[in-house]
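Student: A predicted structure for the sequence below; I have some questions about it.
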There are 2 protein chains.
Amino acid sequence: MSKKTQKRDAEASKQLIITYAKSLFSEKGYAQASMDELAQRCGLNKAMVFYYFKNKKGLYEAVMREVLIEIQQAITEENKTHSKPIDELEGFIRTYARYACEHPYLPALLLKELSDSGAVFPEMLFTSMRQLFALFTDILKRGEAKGCFHDAVPMILYFMVIGTLNLLVTTKPLRLKAAALEDIDLDTCAECDIEEIADYIIAKIKQMLKEPQ
Amino acid sequence: MSKKTQKRDAEASKQLIITYAKSLFSEKGYAQASMDELAQRCGLNKAMVFYYFKNKKGLYEAVMREVLIEIQQAITEENKTHSKPIDELEGFIRTYARYACEHPYLPALLLKELSDSGAVFPEMLFTSMRQLFALFTDILKRGEAKGCFHDAVPMILYFMVIGTLNLLVTTKPLRLKAAALEDIDLDTCAECDIEEIADYIIAKIKQMLKEPQ
DNA sequence: CCTTACTAATTAACCGGTTAGTTAATTATA
DNA sequence: TATAATTAACTAACCGGTTAATTAGTAAGG
């Protein structure tokens, strides 16, 4: 009997719950995500959620772990393919941009968490974000030591990069709506794709790191 | 009988509710803000909230209106004191930074709303944000016309400014915590004051708008 | 190959607590 | 006294979480 025709598959059910929880939490946020609705979306009984994840917080933890490990691995792996700080910086930004665009629950979850100062589940998010920030800082510091970067304040630059990208991803529907209005002529980058955006941010961050005249 | 000794004052009660609602919504977010708790903080009966604002959404609308009108007026007024685009840009950023720092409920509410794509109360937030963005765009366009700015993409720059400032304000407690850890040596700008941060962002935005070599 | 016994996965029904919102009565003020 | 402000008590719905019972898969024993 192959696994596919099994009516009961713990691992599959567990993954199903995480998959739907990922989108539910990113749509509604922690508090507004209902376990009843989640079970309905999964086509499973609500008790299964608590059977596998103990409680709502436990599920949220599992979701965040998966999301953050994914992005962290993607960036760390990509980083190994470069040797010059300037290429590393470009790779960092581009990888984050692509990942955030392909997995839009990441920016949504991150912004919600950060606007709460990590009210729901701080420790792991905190550690993971801190490691990403440590890598970013390291790239800038090495660049400064080699003389190719100047006047870098890693914390502010880090937020410039991920803050901008997160907002551009989450506000896409809003920006499309704004572009459709015709009372004021505004360019909301509604049609820009993520590569163009990443290119612009990379160019501007590089320009910011040039020697000030 | 002076108004101060009155036991009943509709306007005062209404304003009291908005004041406490402002901090409650920014602390807990829309869903987790309880009307019972709000009434308790105000020292009023819960029914008063519904008497004056009809329902929770109505109260939230009133709160957002006040918050957004405040920041919009602050920036618009300040803007009138300048004539050169470069000073206007600097004024815009500095005014937003100061206001966000003095009224930290603004960044918290804004980030929550934007990460939801305006799920709770879109229209007014949308209009207000759009007007601020229109002013920002206008400053950049006039600067480009005069030849003092180059290669500006207003939407991305706008998010760079307000995204970075919002994150720096809301993550202050998180950054203090991170700075206290000693396993990795990281500068999280935990002790930076808002003026230093604004100075840095202004300098870097100006550098980004210089002619690319 | 079939039965039995055990375990893991799944379900329906339920629980206490909390929530937004209502209502009818009461109090203060003009 | 008329009206606006205020209150206590209430409701209906929903929430996270539990429980006891049931079902499906699995491995051993005859």
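Tutor: Done, it's in. Numbering: from 1, shown residues only, chains lettered A, B, ... in the order given.
Student: for the residue nearest to residue A:210 when sequence neighbours are not counted, phi and psi?
Tutor: Leaving aside its chain neighbours, residue A:210 sits nearest to residue A:150 (6.6 Å; criterion: C-beta to C-beta, 6 or more residues apart in numbering or on different chains). In this view, the C-beta of every residue, glycine as well, is placed from N, C-alpha and C. Torsion angles at residue A:150 (phi, psi; degrees, to the nearest 10) stand at phi -140, psi 150.
Student: swap in residue A:211?
Tutor: Per degrees, to the nearest 10, the backbone of residue A:211 is at phi -60, psi 130.
Student: please tell me how far the residue nearest to residue A:210 sits from residue A:79.
Tutor: 22 Å (C-beta to C-beta, to the nearest Å).
Student: now do the one residue in chain A that gets nearest to DNA strand C against DNA strand D, distance only.
Tutor: Residue of chain A nearest DNA strand C, by C-beta to the nearest atom of the strand: residue A:10 (2.6 Å). Plainly put, residue A:10 is 10 Å away from DNA strand D if you go by C-beta to the nearest atom of the strand, to the nearest Å.
Student: skipping its backbone neighbours, what lies nearest that residue in space?
Tutor: Sequence neighbours aside, residue A:52 is the residue nearest to residue A:10 in space, at 7.8 Å (criterion: C-beta to C-beta, 6+ apart).
Student: how many residues are close by the one you found?
Tutor: For residue A:52, the count of nearby residues is 17 (other C-beta atoms under 10 Å in any protein chain shown).
Student: kindly report the same for the one 5 residues further on.
Tutor: When counting by other C-beta under 10 Å, one arrives at 12 neighbours for residue A:57.
Student: cool, residue A:54 as well?
Tutor: Look at residue A:54: counted by other C-beta under 10 Å, it has 12 neighbours.
Student: so what's it up against?
Tutor: With contact set as C-beta atoms under 8 Å, 6 or more residues apart in numbering or on different chains, residue A:54 has no partners.
Student: from DNA strand D, how far out is it?
Tutor: Taking C-beta to the nearest atom of the strand, one finds residue A:54 at 7 Å from DNA strand D.
Student: for that residue, give me phi and psi.
Tutor: With angles defined as degrees, to the nearest 10, residue A:54 sits at phi 70, psi -60.
Student: what pLDDT does it get?
Tutor: Looking at residue A:54, its pLDDT stands at 94.
Student: okay, and for chain A, where does confidence drop off?
Tutor: A:1-8, A:117-119, A:121-122, A:213 (pLDDT under 70).
Student: how about residue A:151, phi and psi?
Tutor: The phi/psi pair for residue A:151 (degrees, to the nearest 10) is phi 60, psi 50.
Student: what do you get for the one 4 residues further on?
Tutor: Phi and psi for residue A:155, reported as degrees, to the nearest 10, are phi -60, psi -50.
Student: contacting residues for the spatially most central residue of chain A?
Tutor: By C-alpha atoms, centre = their mean, the mean C-alpha position of chain A lies nearest to residue A:106, the distance being 3.3 Å. Residue A:106 makes contact with A:26, A:67, A:71, A:99-100 under the criterion C-beta under 8 Å, 6+ apart.
Student: likewise for residue A:140?
Tutor: Contacts for residue A:140 were tallied using C-beta under 8 Å, 6+ apart; they are A:85, A:89, A:149, A:152, A:154, A:157, A:209.
Student: including neighbour count, secondary structure and distance to residue B:176, could those go into CSV?
Tutor: Formatted as CSV, the contacts of residue A:140 follow (neighbours: other C-beta atoms under 10 Å in any protein chain shown; DSSP: H, G, I helix; E, B strand; the rest coil; distance: C-beta to C-beta, whole Å):
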residue, neighbour count, secondary structure, distance to residue B:176
A:85, 20, helix, 28
A:89, 26, helix, 27
A:149, 23, coil, 26
A:152, 20, coil, 21
A:154, 20, helix, 16
A:157, 21, helix, 19
A:209, 22, coil, 27
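Student: distance to residue B:144 added to these, as a markdown table?
Tutor: Converted to a markdown table, these look like this (distance: C-beta to C-beta, whole Å):
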| residue | distance to residue B:144 |
| --- | --- |
| A:85 | 31 |
| A:89 | 27 |
| A:149 | 27 |
| A:152 | 27 |
| A:154 | 30 |
| A:157 | 24 |
| A:209 | 23 |
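Student: filter the residues you listed down to the ones close to chain B.
Tutor: Applying C-beta under 8 Å from any C-beta of the partner chain to the contacts of residue A:140, one finds that residue A:154 fall near chain B.
Student: tell me, how many residues neighbour the residue nearest to residue A:210?
Tutor: 12.
Student: tell me how chain A divides into domains.
Tutor: A:10-54, A:61-208 (automatic domain parsing).
Student: check whether the longest one contacts DNA strand C.
Tutor: No: contact between domain A:61-208 and DNA strand C is absent, the nearest approach being 14.5 Å (criterion: C-beta under 7 Å from any atom of the strand).
Student: quick check: residue A:131 touching residue A:72?
Tutor: Yes: counting by C-beta atoms under 8 Å, residue A:72 is a contact partner of residue A:131 at 6.5 Å.
Student: just to revisit the earlier point, for the residue nearest to residue A:210, what are its contacts?
Tutor: Residue A:150 neighbours (C-beta under 8 Å, 6+ apart): A:144, A:209-212.
Student: before we move on, the earlier item: including secondary structure, could the contacts of residue A:106 go into TSV?
Tutor: Formatted as TSV, these follow (DSSP: H, G, I helix; E, B strand; the rest coil):
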residue	secondary structure
A:26	helix
A:67	helix
A:71	helix
A:99	helix
A:100	helix
